[in-house]
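Student: no sequence on this one, just coordinates:
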């Protein structure tokens, strides 16, 4: 297989794009660096496409390695033929390679291997030939010995050998897979009285070809928890016809024995194996799609607009141990802490109000961030009352606590806040999550963020890799302030290792703030390759060189400076936003001609012009601001037909959960998103989006809210 040609065909890229991209990956360049600074080489492929490309490249290389291993193993057994060689060369998947190798793979003790040891392989071959003149019982008498006492024993041993041969036949397995995929059904049953969330699967059947990914994951979890018994069902006659069609040649006595062996192979060997494969396929497919949804949701959550310039109180709600309070300034620095008891069983409401009002006045607080965990609703009611009594323009937002407790108890949090206990660290984290979601959420394991479905059932390695890629892409698309970023944030910058992140912060502590990007070269272990990868993603807000506060890479500084000279624009002009001359020059001379004059590609020139126009630009600020509230409702206040504004909190296969300000998120089923066909809710909605919804129904006892985005007539 020519891997590059395969990639050209599968992705629809030009040969030069594939060749250049493969070389860039093999040279150790990071995906964010390739996506941002090697656009001319790749044809401006974006981060996600590059990650998909890299994954496929690795798979194809693994496939070639496995082909070579199988080829070598079969050759060493002196059983290689032109047909097998052609089959190996034509295999497109690892499963096909496994099927080819199956007959040659060393086996554990089986009924067939035992029969072969008794010398029955020639008898099996004679029966499988199915010659009309062969009389199996008569022929079997020639194979009697101390271990084979009767002709019937010999026939049974021969059938065991034939059954295993049929089971190992790649063509039969391939056809049976096809039949199972298109005509089989996934079935689930249970005898449990109380099935909880699995009630819909008590007596469940759905075609393999139609089963939705989230239902695959649901029955898998139900089976894992011992509530469901799950199986793949296929009409036995249909399945058997595949094997008999391939192996039974006529109606002779020998053919009847082959048919019996085929039935044994189907029941005992082939179908159970195919059942496992099909269920694994469904699980893998569901996992891949679920990981994609989780990754997309995580990216949208991380890229939520920061709420900058507001001193914030973080409230970590609690009952018995009270509500932990942390005041942080505009940069996230902790100014004050406290513990109040605004919820049962203590309900010291007036005392709690006095504490909060005092903190608000002392620090000029403008915003409350309230965790959505235990006692959140009571704390939200309390905060709304305080806001109303103060009447000074304060707003609040309920913030997801997902992963906050994990972070608070981590070594990282202990190093950051050694003077605070675990619960106060959570309050700080909650406040910072509202101020800058990206900077705070990078401190926790992305799997703990909780914006997906069945994430705990996903293959951990694949999920971790996907989420790490998402976090890396988000951090690098926004950029990182070199002088204020935490080690956790620096670690997500392309080319920065854990050791380099620690050395950057150590360098700041010893030498003060970085004055220029070039100073990075003085950081221990940050060599030329690491500098090349990370420099463009690190910003210095008050640098002498204005380009150090943009995404312009240092390698492009000469071209950028030349552009400024041509346009008659100074660094001060850029700082003051007087850059209209640049766009006028580009418009007058043309992008292509100017790029040629500067000896750079057009994509690089376009990026330079964009960055110089907005130094320090944060792409998140171009998105709609989060929905801040001043009052609170309870689920009992909701009525059918009520119109509400809400924030999308999670997007899953069958709909989206929307926070409408009553503590309990409501579900917009996929059928209620729009009047047109929707393949997946993520095609329409994204986490953090502000939407208008209408209440369909409310079940206060079960705390279920059904919403619609279709405006009532």
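Tutor: Nice, I can see it. Bear in mind the structure is a predicted one, so any value in this text is a computation, not a measurement.
Student: Show me what secondary structure element comes after the lowest-mean-pLDDT helix or strand in the chain.
Tutor: Ranking every helix and strand in the chain by mean pLDDT, DSSP states H and E puts helix 404-408 at the bottom, with a mean of 82. As assigned by DSSP states H and E, the chain's next helix or strand after helix 404-408 is helix 411-416.
Student: Quick one: residues in contact with that next one.
Tutor: Applying CB atoms under 8 Å, 6 or more residues apart in numbering, the external contacts of helix 411-416 come out as 407, 422, 425, 429, 443, 486, 488. To be clear about C-beta, it is placed using only N, CA and C from the backbone, and glycine gets the same treatment.
Student: nearest to residue 560, of these?
Tutor: Nearest to residue 560, judged by CB to CB, of the contacts of helix 411-416 is residue 486 at 29.3 Å.
Student: dump the residue contacts of the closest residue to residue 674 other than its chain neighbours.
Tutor: Leaving aside its sequence neighbours, residue 674 sits nearest to residue 684 (CB to CB, 6 or more residues apart in numbering; 6.2 Å). By CB under 8 Å, 6+ apart, the contact set of residue 684 is 673-674, 678.
Student: How far off centre is the helix or strand harbouring residue 383?
Tutor: For residue 383, the host element (DSSP H and E) is helix 376-390. Put simply, helix 376-390 sits 36 Å off its chain's centre (CA atoms, centre = their mean, to the nearest Å).
Student: Pull out the buried residues from that helix.
Tutor: For helix 376-390, burial by neighbour count (16 or more other CB atoms under 10 Å) applies to 376-384, 386-387.
Student: Now the element after it, going C-ward?
Tutor: Taking DSSP H and E, what comes next after helix 376-390 is strand 395-399.
Student: and the angle for the helix holding residue 383 with strand 395-399?
Tutor: Following axes from the mean of the first three to the mean of the last three CA atoms, to 10 degrees, one obtains 170 degrees for the angle between helix 376-390 and strand 395-399.
Student: the strands in the stretch 501-650 of the chain, which residues?
Tutor: Here the stretch 501-650 of the chain has its strands, by DSSP state E, counting those that start in this stretch, at 538-539, 643-652.
Student: Now do whatever helix or strand comes next after the longest one: everything it contacts.
Tutor: If you walk from strand 643-652 toward the C-terminus, the next helix or strand you reach (DSSP H and E) is strand 655-659. With contact meaning CB under 8 Å, 6+ apart, strand 655-659 is reached by 398, 646-650, 665-670, 672-673, 681, 685, 691, 693, 707.
Student: What is the distance between strand 655-659 and the centre of its chain?
Tutor: A distance of 19 Å separates the centroid of the chain from that of strand 655-659, by CA atoms, centre = their mean.
Student: so what's residue 604 up against?
Tutor: Contact analysis of residue 604 by CB under 8 Å, 6+ apart lists 37, 39-40, 556, 559, 595.
Student: From the buried residues of helix 376-390, which one has the minimum pLDDT?
Tutor: Across those, the bottom pLDDT score, 86, is held by residue 377.
Student: out of everything not next to it in sequence, what's closest to it?
Tutor: Spatial nearest neighbour of residue 377, chain neighbours left out: residue 663 (4.1 Å); criterion: CB to CB, 6+ apart.
Student: Could you tell me the per-residue confidence at that neighbour?
Tutor: With respect to pLDDT, residue 663 scores 78.
Student: Please point out which parts of the one helix or strand residue 126 maps to sit buried.
Tutor: Residue 126 belongs to helix 121-129 when assigned by DSSP H and E. Using 16+ other CB under 10 Å as the test for burial, helix 121-129 gives 121, 123-124, 126-128.
Student: Then stretch 255-270?
Tutor: The neighbour-count check on stretch 255-270 (16+ other CB under 10 Å) flags 255, 257-266, 269-270 as buried.
Student: After the biggest helix by length in the chain, which helix or strand is next?
Tutor: Looking across the chain with DSSP state H, the single longest helix is helix 271-302. Downstream of helix 271-302, the next assigned helix or strand under DSSP H and E is strand 312-316.
Student: which ones are touching the residue sitting furthest away from the middle of the chain?
Tutor: Within the chain, the residue lying farthest from the chain centre (CA atoms, centre = their mean) is residue 138, at 63.2 Å. Residue 138 makes contact with residue 151 under the criterion CB under 8 Å, 6+ apart.
Student: helix/strand/coil for it?
Tutor: Secondary structure state of residue 138, per DSSP: H, G, I helix; E, B strand; the rest coil, is helix.
Student: distance of it from residue 158?
Tutor: Here residue 138 is placed at a distance of 13 Å from residue 158 (CB to CB, to the nearest Å).
Student: Please apply the same query to residue 706.
Tutor: Residue 706 is 63 Å from residue 158, where distance means CB to CB.
Student: Repeat that for residue 455.
Tutor: Residue 455 is 51 Å from residue 158, by CB to CB.
Student: more crowded one of those two?
Tutor: Remark: of residue 455 and residue 158, residue 158 carries more neighbours, 29 against 22, as counted by other CB atoms under 10 Å.
Student: My read is that the more buried one contacts residue 257, right?
Tutor: Yes - Residue 158 lies in contact with residue 257 (CB atoms under 8 Å); the separation is 7.5 Å.
Student: Now do the shared contacts for the two.
Tutor: 127, 136.
Student: Are any of the contacts of residue 604 buried, and if so which?
Tutor: Buried subset of these (neighbour count, 16+ other CB under 10 Å): 37, 39, 556, 559, 595.
Student: among the residues you listed, which are in helices?
Tutor: Those of these lying in helices (DSSP H): 37, 39, 559, 595.
Student: which residues sit in contact with residue 134?
Tutor: 126-127, 252-254.
Student: Assign a three-state SS to residue 205, would you?
Tutor: Residue 205 ends up strand, using three-state DSSP.
Student: do you know how far it is from residue 176?
Tutor: 20 Å.
Student: do the same with residue 527
Tutor: To residue 176, residue 527 is 55 Å away according to CB to CB.
Student: Those two - which one has more neighbours?
Tutor: More neighbours surround residue 176 than the other of residue 527 and residue 176, with 27 against 12 (other CB under 10 Å).
Student: so which strand or helix has that one?
Tutor: Element membership for residue 176 (DSSP H and E) is helix 170-183.
Student: buried residues in that helix?
Tutor: For helix 170-183, burial by neighbour count (16+ other CB under 10 Å) applies to 170, 172-173, 175-177, 179-180.
Student: Which of the residues you listed sits closest to residue 583?
Tutor: Once CB to CB is applied, the member of the buried residues of helix 170-183 that ends up nearest residue 583 is residue 177, at 58.4 Å.
Student: residue contacts, the closest residue to residue 300 other than its chain neighbours?
Tutor: Using CB to CB, 6+ apart and skipping residues adjacent in sequence, the residue nearest residue 300 is residue 687, 4.0 Å away. In this structure, residue 687 makes contact with 297, 300-301, 304, 451, 648-651, judged by CB under 8 Å, 6+ apart.
Student: quick one: secondary structure of residue 687?
Tutor: Assignment for residue 687 (three-state DSSP): coil.
Student: Which pLDDT does the model give it?
Tutor: At residue 687, pLDDT is 92.
Student: With residue 647 as the reference, measure out to it.
Tutor: Residue 687 sits 9 Å away from residue 647, going by CB to CB.
Student: was I right about residue 454 contacting residue 222?
Tutor: No - Residue 454 lies out of contact with residue 222 (CB under 8 Å); the separation is 11.4 Å.
Student: who's more crowded, the two?
Tutor: More crowded of residue 454 and residue 222, by other CB under 10 Å: residue 222, with 22 against 19.
Student: Which strands and helices lie in contact with the strand or helix carrying the more buried one?
Tutor: Using DSSP H and E, residue 222 sits within helix 213-224. With contacts taken as 3 or more CB pairs under 8 Å, 6 or more residues apart in numbering; DSSP states H and E, helix 213-224 sits against strand 185-189, strand 229-233, helix 271-302.
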